[in-house]
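> sequence plus the predicted model coming up.
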Amino acid sequence: MAAYEVQMANRLMEAAAKKPGSIVIVLVGNLHARKSNNFLPFKPMGSYLPAESTVALIITHFGCSCWGIAPNKSGVLALKADKPYQRGLQLNCAVDECPGFDGILGLGSHVSASMPAS
């Protein structure tokens with residue numbers, strides 16, 4: 001998994017380097033976007049990106065289905081809402097409120113999985 005995270009970060013940095021000064025917006029799962037790691041057995045993609053120019057947002061929802069890997073299953077997983085914030089954006093959140101992230105993007109709804117990229 002760690003090699004995959006490094007590969008994603010490298011591809012993003014390569015894309016950003018092609019247009020200096022541009023803004024790159026990437027939608028990935030919260031585990032990949034995290035800038036620091038307190039509980040994962042690998043370093044997430046966000047921790048390999050330049051900290052001074054990276055803003056990582058944790059996405060909250062009222063429950064979702066997502067593509068992922070769990071101990072006994074892989075594919076579409078059903079997840080309950082962790083902290084169901086209302087729709088909106090909150091930057092500079094308290095460290096204990098969103099560790100590893102710079103802010104919160106509350107979708108204010110349920111979310112369903114799309115087909116994974118091929």
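Here it is on my side, so go on. Numbers count the residues shown, from 1 in each chain.

> output the lowest mean pLDDT helix or strand found in this protein.
strand 64-70 (a mean of 78; mean pLDDT, DSSP states H and E).

> packing partners for the helix or strand just after that one?
Next along the chain after strand 64-70, taking DSSP states H and E as the criterion, comes strand 73-79. Counting contacts by 3 or more CB pairs under 8 Å, 6 or more residues apart in numbering; DSSP states H and E, strand 73-79 packs against strand 64-70. Just so you know, the C-beta spots here come from the backbone N, C-alpha and C atoms, and that holds for glycine as well.

> buried sites along the strand it packs on?
By neighbour count on 16 or more other CB atoms under 10 Å, the buried set for strand 64-70 is 64, 66.

> for that strand, output the C-alpha coordinates as CSV.
Only the C-alpha atoms of strand 64-70 are listed here, as CSV (Å, rounded to 0.1, in the frame of the first residue of the first chain):
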residue,chain,number,x,y,z
CYS,A,64,-21.9,6.3,2.6
SER,A,65,-20.9,3.4,0.4
CYS,A,66,-17.3,3.5,-0.9
TRP,A,67,-14.8,1.3,-2.6
GLY,A,68,-12.3,-0.1,-0.1
ILE,A,69,-10.7,-3.0,1.6
ALA,A,70,-11.8,-4.2,5.0
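
> how near is residue 41 to residue 90?
Distance, residue 41 to residue 90, using CB to CB, to the nearest Å: 29 Å.

> which one of those two has more residues nearby?
More neighbours surround residue 90 than the other of residue 41 and residue 90, with 17 against 7 (other CB atoms under 10 Å).

> wait, a helix at the more buried one?
No: counting by DSSP: H, G, I helix; E, B strand; the rest coil, residue 90 falls outside a helix, being strand.

> who's in contact with residue 86?
106, 108 (CB atoms under 8 Å, 6 or more residues apart in numbering).

> can you pull the pLDDT of it?
On pLDDT, residue 86 comes in at 82.

> all set, thanks.
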